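Chemist: only geometry, no sequence info:
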């Protein structure tokens with residue numbers, strides 16, 4: 001009975017969008033602290049709960065204030081290391097107008113050997129940080 005209640009609670013939380021359908025989902029952390037505006041070098045990331053079978057990670061950034069701006073992202077080989085160093089790939093970094101802050105969303109996908117996404121996560125941060 002308790003396991004049924006727990007399963008229903010997790011499903012209910014997932015339905016609200018608080019958790020993905022998989023309660024042990026991949027996650028990513030990063031910070032804009034010390035990052036220079038308009039840089040083309042990626043910040044450092046820390047990924048966790050990356051599923052087995054992941055061969056590559058795909059990173060894509062979107063400016064939520066100007067979603068049509070082509071920031072792009074990059075791909076890296078995943079070797080099991082949770083720390084992705086700064087500069088692992090090139091992209092068009094955040095460059096909001098002087099004196100303004102924009103909201104940026106990173107989407108990170110775990111890709112298998114066939115290039116199929118087997119997990120995905122997002123993280124949102126404002127730039128410049130305060």
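Modeler: Received the coordinates, thanks. Note that the coordinates shown come from a computational prediction; the quantities given were computed from them, not determined experimentally.

Chemist: Tell me the bridge partners for the nearest residue to residue 54 once chain neighbours are set aside.
Modeler: In this structure, residue 54 finds its nearest non-sequential neighbour in residue 110, 4.1 Å apart by Cβ to Cβ, 6 or more residues apart in numbering. Heads up, the C-betas are built off the backbone N, CA and C, glycines and all. As for beta bridges, residue 110 partners with residue 57, residue 119 under DSSP bridges.

Chemist: hang on, residue 107 in a strand?
Modeler: Yes: Residue 107 sits within a strand when classified using DSSP: H, G, I helix; E, B strand; the rest coil.

Chemist: which stretches of the protein form helices?
Modeler: Counting by DSSP state H, the chain has helices at residues 2-15.

Chemist: ok so, going back, would you mind measuring from the residue nearest to residue 54 to residue 64?
Modeler: Residue 110 sits 23 Å away from residue 64, taking Cβ to Cβ, to the nearest Å as the criterion.

Chemist: With neighbour numbers in mind, choose between those two.
Modeler: residue 110 (23 against 11; other Cβ atoms under 10 Å).
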